[in-house]
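Visitor: Let me see the structure of the following:
(one chain, ligands or ions: 2)
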Amino acid sequence: MKRTDLSANNISKCFSEPGEDGLLYVLEDMDFEIKEGEFVTILGPSGCGKSTFLNILAGFETANQGHAVCCGEPVRGPSPERAVVFQSPVLFPWMDVKNNIMYGLKQTGKKKDDAQRITAEYIRAVGLDDFDNYYPSQLSGGMQQRVALARSLILDPKVLLMDEPFAALDAQTRYSMQQLLLQLWERNRQTIVFITHDVEEALLLSDRICIMGKRPGKIIEEIAVPFERPRPISLTGSGDFTQLKSHILSRLLV
Ligand SMILES: Nc1ncnc2c1ncn2[C@@H]1O[C@H](COP(=O)(O)OP(=O)(O)OP(=O)(O)O)[C@@H](O)[C@H]1O
Ligand SMILES: [Mg+2]
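Guide: Ligands and ions are numbered 1, 2, ... in the order given. Next up, the predicted model:
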């Protein structure tokens, strides 16, 4: 068996309810495991605790019970080996594309020439060659998200934690971002945990889908996606695809 890259055992998490004495139980006895290089999506109803769970994997939140383990080490806080990509790109507004992407490399003490060469490669990989001196406010939402993706990937993280990264994009940009992500993943085989509300996106991208139930959330079903890669968009019209999609929707809507 392959080494497990990231796991969470028996995680429970509650928050105090604002203005009240009570507690809101968000996750309960949640177990999760992802192998090195695997691409797993998490689907679940709004408010079931997906982002909370991802934040625990990232080290931004601590669980009340249980813990996450990354590459054999307990997660005690954020780490560059676990990059996080959010729905809204988090960029420095005062830096242009090039400097936003290069920022993390500079922090690691990379030599200037090397940092510039590697940054140019990533700018090319996300198709922003002609925009390297643009500022975030001068870019479209999709372009900003490409900068955010390059900015995370340039540090060569072992694990990518993505919270609805393409949810705010139009269908066409979303599709090109999905293709870009798959291309980069095929090259570097990061371990990817990807949250989405879009069942088709989950079926087109991932090796495995984890479905969470209503709050307090935990995984109620796991599905190994049976479709070979590459998965063309025409796959979405096939009988097997629509059948699996409707099964997943029925689990989400109960
Ligand atoms: N810091 C916090 N303090 C109090 N309650 C919180 C906090 N963060 C999240 N919650 C509550 O935890 C529950 C789960 O929130 P979470 O953001 O994890 O859901 P989600 O599954 O990501 O939903 P969505 O699909 O809408 O993004 C919600 O009821 C939310 O109100
Ligand atoms: Mg969320």
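Visitor: If you count neighbours, what's buried in the helix or strand that contains residue 123?
Guide: Here residue 123, judged by DSSP states H and E, is contained in helix 112-125. For helix 112-125, the neighbour count (16 or more other C-beta atoms under 10 Å) marks 115, 118-119, 122-123, 125 as buried. Every C-beta, even on glycine, is put in place using the N, C-alpha and C of the backbone.
Visitor: shaky segments in this structure?
Guide: By pLDDT under 70, the low-scoring segments of the chain are 1-4.
Visitor: got the contact list for the helix holding residue 123?
Guide: If you take C-beta atoms under 8 Å, 6 or more residues apart in numbering as the criterion, helix 112-125 is touched by 97-98, 101-102, 105-106, 110, 129, 132, 150, 153-154, 180, 183-184.
Visitor: list the helices and strands the helix or strand just after that helix packs on?
Guide: Tracing the chain past helix 112-125, the next element assigned as helix or strand by DSSP H and E is helix 141-153. If you count contacts as 3 or more C-beta pairs under 8 Å, 6 or more residues apart in numbering; DSSP states H and E, helix 141-153 packs onto strand 82-85, helix 97-107, helix 112-125, helix 171-188.
Visitor: next one: helix 141-153 to chain centre, how far?
Guide: On the basis of C-alpha atoms, centre = their mean, to the nearest Å, helix 141-153 is displaced by 13 Å from the centre of the chain it belongs to.
Visitor: now the angle from it to helix 112-125?
Guide: 140 degrees (axes from the mean of the first three to the mean of the last three C-alpha atoms, to 10 degrees).
Visitor: Which residues does helix 141-153 contact?
Guide: Residues contacting helix 141-153 (C-beta under 8 Å, 6+ apart): 83-86, 89-91, 97, 100-101, 103-104, 122-123, 125-128, 131, 134, 136, 139, 160, 165-166, 168-170, 173, 176-177, 180-181, 184, 188, 190.
Visitor: Need the buried ones from the residues you listed selected in PyMOL.
Guide: The following PyMOL line selects those of the contacts of helix 141-153 that are buried, judged by 16+ other C-beta under 10 Å:
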select buried, resi 83+84+85+89+91+97+100+101+103+104+122+123+125+126+128+131+134+136+139+160+165+166+169+173+177+180+181+184+190
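Visitor: what about the closest residue to residue 86 other than its chain neighbours, neighbour count?
Guide: Once flanking residues are discounted, residue 86 sits nearest to residue 163: 5.3 Å by C-beta to C-beta, 6 or more residues apart in numbering. By other C-beta atoms under 10 Å, the residues close to residue 163 number 21.
Visitor: surely residue 163 meets residue 89?
Guide: No: the criterion here is C-beta atoms under 8 Å, and residue 163 misses it with residue 89 at 11.8 Å.
Visitor: so what's the residue nearest to the spatial centre of the chain bridging to?
Guide: Nearest residue to the geometric centre of the chain (C-alpha atoms, centre = their mean): residue 162, 1.5 Å. With DSSP bridges as the criterion, residue 162 is bridged to residue 85, residue 194.
Visitor: who's in contact with it?
Guide: Residue 162 neighbours (C-beta under 8 Å, 6+ apart): 84-85, 192-195.
Visitor: Out of those residues, which is nearest to ligand 1?
Guide: Distance to ligand 1 across these (C-beta to the nearest ligand atom) is lowest for residue 195, with 6.9 Å.
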